[in-house]
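Q: prediction below, plus the sequence it came from.
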Amino acid sequence: MLELRNVSKTVGGEEHIRDVSLTLGHGTLNVLLGPTLSGKTSLMRLMAGLDAPTSGTVVFDGEDVTGRPVQKRNVAMVYQQFINYPAMTVYENIASPLRIAGKDRATIDREVRHAADLLRLTPYLDRTPLNLSGGQQQRTALARAIVKNAGLVLLDEPLANLDYKLREELRAELPKIFAESGAIFVYATTEPHEALLLGGNTATLSQGRVTQFGPTIEVFRKPAHLITAKTFSDPPLNTIVLKKSGPVFQLDGGADLPAPAALAGVADGNYTIGFQPHHLFLRAPTPEAVPVQAKVTVIDITGSETFIHLVYADARWVMLAHGIHHFDPDEMIEVFIDTRHLMVFDETGRAVASHEKLAA
Amino acid sequence: MTKTWNNRAWFMVLPVLLLVAFSAVIPLMTVVNYSVQDTFGNNVFFWAGTEWYQDVLSSDRFWNAMGRNLAFSAIILAIEIPLGIFIALNMPRKGWGVPICLVLMALPLLIPWNVVGTIWQVFGRIDIGLLGRTLAAMGIDYNYVNDPFDAWVTVIVMDVWHWTSLVVLLSYAGLVSIPDAYYQAARIDGASRWAIFRYIQLPKMNRVLLIAVLLRFMDSFMIYTEPFVVTGGGPGNTTTFLSIDLVKLAIGEFNLGEAAAMSIIYFLIILLLSWVFYTVMTNAGSEK
Amino acid sequence: MARIDLEHIRHSYGARPQSDADWALKEVHHTFKDGSAYALLGPSGCGKTTLLNIISGLLHPTEGRLLFDGNDVSTLSTQERNIAQVFQFPVIYDTMTVYDNLAFPLRNRGVAERDVDRRVREILEMIDLSDWAKRRARGLTADQKQKISLGRGLVRSDVNAILFDEPLTVIDPHMKWVLRSQLKLLHGRFGHTMIYVTHDQTEALSFADDVVVMYEGEVVQIGTPDELFERPKHTFVGYFIGSPGMNVLPVSVEGAQARFGGTAITLPGKPRTPMGGAIELGIRPEFVRLGREGMPVQITKVEDIGRHKIVRARLQDHEIAAIVREDEDVPAEPHVAFVPEKINIYAGSWRVAFEGESERTAA
């Protein structure tokens, strides 16, 4: 178990990591999700022991390892760049951590072949990395991390430099590999979609802070804070600030949005309403859905779906509609907000109630 | 929080510290000692205070040598930096020409200072030197032994020949690190050859050029061997640079106190000028 | 703005191409219509960047001709072709201000300073960097730098075409949405001919009017996003576009019916003959219905990705994926059925048209 207790890191007066506490269990996959510079890499460096925290403690399996350098920990790391020994064959590359550990030849051979098999590298064992495709190079780096049999495996945007389809394939295989090894996996990414596909647990990061940590789908569905909801939404989360007055949220110049029953007792005032692009509809999904008039700016057609970019009052929204729809720019259209899936945040950005309660 | 960094790492640095102590700190302190003492030999020393410093700073001899040093550094920087950049720009970026050019460029750098001096000393002699005879045959009155101007030209040409390669190699390293996309983008933007140099190549060479200027400045400011071998500081004192003067003072005239004071001043000047160069150039580079 | 004709373009990086494998670009013969937005989509090494560089003039093709509005530009330099290009990584002039970066392509061409100013301000507004105009470009974030690169590509109104080489690779997901819709808006407003290279299907499909799918140096299909989605001409297109890609099952065909294992599957029509090679049925996960009717499957995995679920299952001896909506449940005794009109039939990996199908979709 890896525990970070109130860990902070300041570099040259700049706070890179602010008061992070996380507990990661063995055999789990943990995604660090956040935009560039949100602190994902800094946090991984602290976990690995490449950096020592400015304050706070790092505990691994009950032992305080704060400040213990990376060489003395059992950690494997895979980076965005494909890092292999260019002069060695794939076999030797995968074998290198085992040789350093002084394993006997038979063990090395067995483990290299097992890892190669797992990552579908068996036909390429005699090649050097530079004669491989990007996907195969990154598989080699992953295989090396696997045979190391480390207690902690850190993957820093490992698929970011790969083609879309290769990424899809490798991403599908990763959870299987994780499940086999029993190590603690930490996976950094900027893409919400990738976090959802990987599953496991997700910690959302924003400006060096972990804003929420929990099972991935739960963090996605029940963000406790507006920041988390925004970090974990692609296309971007649709939001609008509304004034609650008694039983309704008032929309400027539009219909009133009836306040969900669960919010009946909540004080009047300004609230930020958030909803996912696929919770906007062209036709009312339920009789309760609220219609609003919005102006089309751009439409993107992906073949099976249409992204309709809208402007409503000051807000820019994206709507994800099934099928193919054509609208002219600047056209006013009627769209429906599915009130069952609203997220409501107060003025400090805290979620007022989870949306499941709202749906009840 | 407890830092458990490995303190044994300091032992690894110990040999270097000792080496620096013996080769730099101790000699420096000795020189500092000499600069505030006077002696009549027999290992008898008297306290002299700042007398030597006053002597040095008020002597024309020192300021003349200093002037020559600054002029020399300015001239060779003005020639070597643009010339080096120009050559680097025209070197091939790929193909078989690259190793050939690199080896050619590295050759002068491999020759020891005094050998360079000797080569040019012989090369320029009007009786047996190839250059001297050729120039004489062409009717040019060239004699570095008698004519101060010719002596300067010889020393400068020699330095340019010896050291431009360093600027070339550093600039070249800067140039090859520029991704192809930059050149492509510039072509698409319709940039002229000059604009490409001014807005892509020069900014990317910035750092290495700073290093080149610093190295060449310090080296040229401390120049000793080559002019000593070629001209011996002559004719008259026209090529007597600070370093040559210093040696004359210390070993020729055995004036240890004054020489020590002079070398301290010399050292401080180099330190100061290098610092000024560095700050000016890094500021120019990072200004918003 | 111009129409771009590629006439039998072939390219090899080696001096003397011998076998088929030596050609980075096998043969491309196509017209890019004036004022349209195209995407070149394919995996790395498929030749899409080679093709882009041939259009921009950074590469000269081994064979074939390139015409801009009917004029042969094959031998012209990049500058003479009057195009703009945006690269994968931000290319900015470090020492210039943001404003000067954008003004650079205009000033190089001697545009009057008054017009430069008007144009640059317009672009600054669009890429949302007006407040940064006087700042030096050096200190900006990758996002902002790439916005400048995009802006420099868009600043000249008289270009024949604007080319994009995976321009959003270094951009965070949120920013991608913003920049992509801005590009689209600009295309709508100015009507430039735009060619956009990417390996990302979402980017390609959402950006382009027509998508050119490339595979191993060849164009396998050119079509609108919905054509590529509904009628992939090659199983590779079916696999490459869509996430997850199209399910492909070996079948035999009799009349307007396909037989898979022991089951008969109704097809949208009778495939036109002749059919050679292995016969396969392609159906997108979006059109696989999971319910109580159809062929029984064993579910191996359900991936809940928020707005829908991807159900992975075994159908006889084959893997099959189905997409199930957010609020739908996975039945206890699952069966799958295919939406008949969304089925495609492939012979030797190439799509076979059905009888009575219109020419456009059959082509």
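A: Great, that's in hand. Numbers count the residues shown, from 1 in each chain, chains lettered A, B, ... in the order given.

Q: top helix in chain C by residue count?
A: Determined from DSSP state H, the single longest helix within chain C is helix C:173-190.

Q: from what I can see A:M343 touches A:Y271, true?
A: No. Counting by CB atoms under 8 Å, A:M343 stays clear of A:Y271, with 10.1 Å between them. Every residue, glycine included, has its C-beta placed from N, CA and C.

Q: how far does the strand or helix carrying C:R152 sit from its chain's centre?
A: Applying DSSP states H and E as the criterion places C:R152 in helix C:142-154. Counting by CA atoms, centre = their mean, to the nearest Å, helix C:142-154 is centred 21 Å from the centre of its parent chain.

Q: what packs against that helix?
A: The contact analysis (3 or more CB pairs under 8 Å, 6 or more residues apart in numbering or on different chains; DSSP states H and E) places helix C:142-154 against strand C:84-86, helix C:98-108, helix C:113-126, strand C:162-165, helix C:173-190.

Q: report how many residues lie close to residue 118.
A: By default, I'm working from chain A. A:L118: 19 surrounding residues under other CB atoms under 10 Å in any protein chain shown.

Q: I was thinking of chain C, sorry if that wasn't clear
A: Using other CB under 10 Å: C:R118 sits among 10 other residues.

Q: dump the C-alpha coordinates for the helix holding C:R152 into CSV.
A: Coordinates of the C-alpha atoms in helix C:142-154 are reproduced here as CSV (Å, rounded to 0.1, in the frame of the first residue of the first chain):
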residue,chain,number,x,y,z
ALA,C,142,2.5,25.1,-25.5
ASP,C,143,-1.2,25.8,-26.0
GLN,C,144,-0.6,29.5,-26.6
LYS,C,145,2.3,28.9,-28.9
GLN,C,146,0.3,26.5,-31.0
LYS,C,147,-2.4,29.1,-31.2
ILE,C,148,0.1,31.5,-32.6
SER,C,149,1.2,28.9,-35.1
LEU,C,150,-2.4,28.4,-36.1
GLY,C,151,-2.9,32.2,-36.3
ARG,C,152,0.1,32.6,-38.6
GLY,C,153,-1.4,30.0,-40.8
LEU,C,154,-4.6,31.9,-41.0
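
Q: now that helix: mean pLDDT?
A: Mean per-residue pLDDT for helix C:142-154: 88.

Q: now the longest helix of chain C: buried residues?
A: Residues of helix C:173-190 classed as buried under the neighbour-count rule (16 or more other CB atoms under 10 Å in any protein chain shown) are C:173-184, C:186-187.

Q: any chance of those in a markdown table, plus pLDDT and distance to chain A?
A: Below are the buried residues of helix C:173-190 laid out as a markdown table (pLDDT from 0 to 100; distance: CB to the nearest CB, whole Å):
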| residue | pLDDT | distance to chain A |
| --- | --- | --- |
| C:P173 | 84 | 5 |
| C:H174 | 83 | 5 |
| C:M175 | 82 | 8 |
| C:K176 | 85 | 8 |
| C:W177 | 83 | 5 |
| C:V178 | 82 | 8 |
| C:L179 | 83 | 12 |
| C:R180 | 84 | 7 |
| C:S181 | 82 | 4 |
| C:Q182 | 82 | 8 |
| C:L183 | 85 | 9 |
| C:K184 | 84 | 5 |
| C:L186 | 82 | 10 |
| C:H187 | 86 | 9 |
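
Q: of all the residues you listed, which comes closest to C:K147?
A: C:L179 (7.0 Å; CB to CB).

Q: assess the claim that the closest one and C:I148 are in contact.
A: No. With contact defined as CB under 8 Å, C:L179 does not count as touching C:I148 (11.8 Å).

Q: residues in contact with the one helix or strand A:N93 maps to: which ones?
A: Taking DSSP H and E as the definition, A:N93 sits inside helix A:90-100. Here helix A:90-100 makes contact (CB atoms under 8 Å, 6 or more residues apart in numbering or on different chains) with A:76, A:84-85, A:88, A:107-108, A:111-112, A:115-116, A:121, A:124-129, A:132, A:136, A:140, A:143-144, A:147-148.

Q: circling back to that earlier point, got the angle between the longest helix of chain C and helix C:142-154?
A: Relative orientation of helix C:173-190 versus helix C:142-154 (axes from the mean of the first three to the mean of the last three CA atoms, to 10 degrees): 10 degrees.

Q: I am finished for the moment; much appreciated.
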